[in-house]
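Enquirer: Here is my input, please return the structure:
(chains A and B)
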2 protein chains.
Amino acid sequence: MRDAFHDELDSIGQTLIDMGDRVKVAMELATTALLTADLKLAEQVISDDDFIDTMQHELDAKTLTLLARQQPVAGDLRTLVTSLRMSADLERMGDLAHHIAKLARMRYPATAVPPELALTIQEMGNVAKRIIAKATGVIESHDLEAALQLEKDDDEMDKLHRKLFLTLLDDAWPHGIETAIDMTLLGRYYERCADHAVSVARRVYFLVTGQYASDEA
Amino acid sequence: MRDAFHDELDSIGQTLIDMGDRVKVAMELATTALLTADLKLAEQVISDDDFIDTMQHELDAKTLTLLARQQPVAGDLRTLVTSLRMSADLERMGDLAHHIAKLARMRYPATAVPPELALTIQEMGNVAKRIIAKATGVIESHDLEAALQLEKDDDEMDKLHRKLFLTLLDDAWPHGIETAIDMTLLGRYYERCADHAVSVARRVYFLVTGQYASDEA
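Expert: As a prediction, this is how the structure comes out:
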């Protein structure tokens, strides 16, 4: 009975890793769709988000069933509770990729991102992809050192976010208000994605140690 | 033993209601600070957010302890798991009030919101306050009809959000890019606050019925 239970716990961990992999791909494809005005790719990210939402619902249902049936304690209980929280973070990261793809679709056939910001947005997309991959790796490895390292990628995202605002606020910004609004929202989507990845890593820290990472407010 | 446990469950419910009340006040004060350039009020909202964060941490610690010690099943288990999720929503709503207050502080002694948008932002603040109060009421009453009603307030918030964008995109918008960025972020903060209130109500729906509200994506 306990062995079957631990198989179930492993399978929950594997589903979280699969969600992380899907979210990473969604974010990468959304960034490409955005920068190349690729409508088909944007549509794909938008429809794939339903699948990520379904993964979360199924995973949470399974987690709740295990909580109810197995009445786990200590580490096993933490694993299940943390799984509910990580699935919520990952689902939200999927939503943010979906928002980015929707912006690409809304501005099609134009490219949503003007040339002045293409590189900054590409870099934000790269950092997002990297930080999601690292968060997913931490779910798998439970490596606390790696978990704390994600803060650095988040700092890099914040730096790019500030750079984006500086470009918008430059007197020479030639693209008007609508594009400035689009870029403000985009910046927020990438930044929040990185925040949720950090949150996933902190939850692994809590899972392993039973303590919150020290710099969590 | 079981009676003490149910006292604990009641106390968790009461703490969630207290969090909701504090978040409602924070959102109301943040909106006032924003519209009247009241630095002292903005500072108050910013420092009070630590208290909301602490409430969440203490509540979650207590919830995890009860999960571990009591090994609850069925309705009691759902209460505890749903409590963890609602506390996360409420904490995030507190963060959004904190973001609004920080914008008021950043633009002080100027008023962050230009006259053209003062009424729209005030209305967004009113809807936010109302929807938080309703979500908090639903935590207390477990009234499913009331839980579903929150969607209507959320629709009203979405309408105000669109109105805000229309004002920004009007050719006559005289306030430049920086204010447009501020207003875009503000609009997002209020809208997300309403989304989280709806999420709280949906969690109560799940708590009572064991089913997800039908329109949840």
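Enquirer: The residue nearest to A:Gln70 when sequence neighbours are not counted - how many residues pack around it?
Expert: Counting by C-beta to C-beta, 6 or more residues apart in numbering or on different chains, A:Gln70 lies nearest to A:Phe5, which is 5.2 Å off, once chain neighbours are set aside. For glycine as for every other residue, the C-beta is placed from the backbone atoms N, C-alpha and C. Neighbourhood size, A:Phe5 [other C-beta atoms under 10 Å in any protein chain shown]: 14.
Enquirer: ok, now how distant is A:Phe5 from chain B?
Expert: Going from A:Phe5 to chain B by C-beta to the nearest C-beta, to the nearest Å gives 14 Å.
Enquirer: Now that residue: which helix or strand?
Expert: helix A:2-36 (DSSP states H and E).
Enquirer: any idea how far the residue in chain A that chain B sits nearest to lies from B:Val73?
Expert: Chain B sits closest to A:Gln71 of chain A, with a gap of 3.8 Å, by C-beta to the nearest C-beta. Applying C-beta to C-beta, to the nearest Å, the value for A:Gln71 to B:Val73 is 7 Å.
Enquirer: and chain A, which of its residues are near chain B?
Expert: A:50, A:53, A:57, A:64, A:67-68, A:71, A:73-74, A:77-78, A:81, A:84-85, A:88, A:165, A:168-169, A:173, A:177-178, A:180-181, A:184-185, A:188, A:212, A:217 (C-beta under 8 Å from any C-beta of the partner chain).
Enquirer: all helices in chain A, in order from the N-terminus.
Expert: Ranges of helices in chain A, per DSSP state H, are A:2-36, A:39-70, A:74-107, A:115-141, A:144-169, A:176-209.
Enquirer: would you turn those helices into TSV with mean pLDDT?
Expert: Formatted as TSV, the helices of chain A follow (pLDDT from 0 to 100):
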stretch	mean pLDDT
helix A:2-36	95
helix A:39-70	95
helix A:74-107	96
helix A:115-141	98
helix A:144-169	96
helix A:176-209	96
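Enquirer: Out of the ones you listed, which is closest to B:Arg192?
Expert: Using C-beta to C-beta as the measure, helix A:176-209 is the one of those that comes nearest B:Arg192, at 9.5 Å.
Enquirer: Return the list of helices and strands in contact with that closest one.
Expert: In terms of contacts (3 or more C-beta pairs under 8 Å, 6 or more residues apart in numbering or on different chains; DSSP states H and E), helix A:176-209 is packed against helix A:2-36, helix A:74-107, helix A:115-141, helix A:144-169, helix B:144-169, helix B:176-209.
Enquirer: A:His196 is nearest to which of these?
Expert: helix A:74-107 (4.4 Å).
Enquirer: still on that earlier bit, buried among the residues of chain A next to chain B? Make that a ChimeraX selection.
Expert: Listed next is the ChimeraX selection for buried residues among the residues of chain A next to chain B, using 16 or more other C-beta atoms under 10 Å in any protein chain shown:
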select /A:53,64,67,68,71,77,78,81,84,85,88,165,168,173,177,180,181,184,185,188
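Enquirer: my guess is A:Thr184 contacts B:Ile181, does it?
Expert: Yes - the criterion here is C-beta atoms under 8 Å, and A:Thr184 meets it with B:Ile181 at 4.9 Å.
Enquirer: on that earlier part again, can you lay out the helices of chain A as a markdown table showing distance to B:Lys102?
Expert: Below are these laid out as a markdown table (distance: least, C-beta to C-beta, whole Å):
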| stretch | distance to B:Lys102 |
| --- | --- |
| helix A:2-36 | 27 |
| helix A:39-70 | 30 |
| helix A:74-107 | 21 |
| helix A:115-141 | 22 |
| helix A:144-169 | 15 |
| helix A:176-209 | 14 |
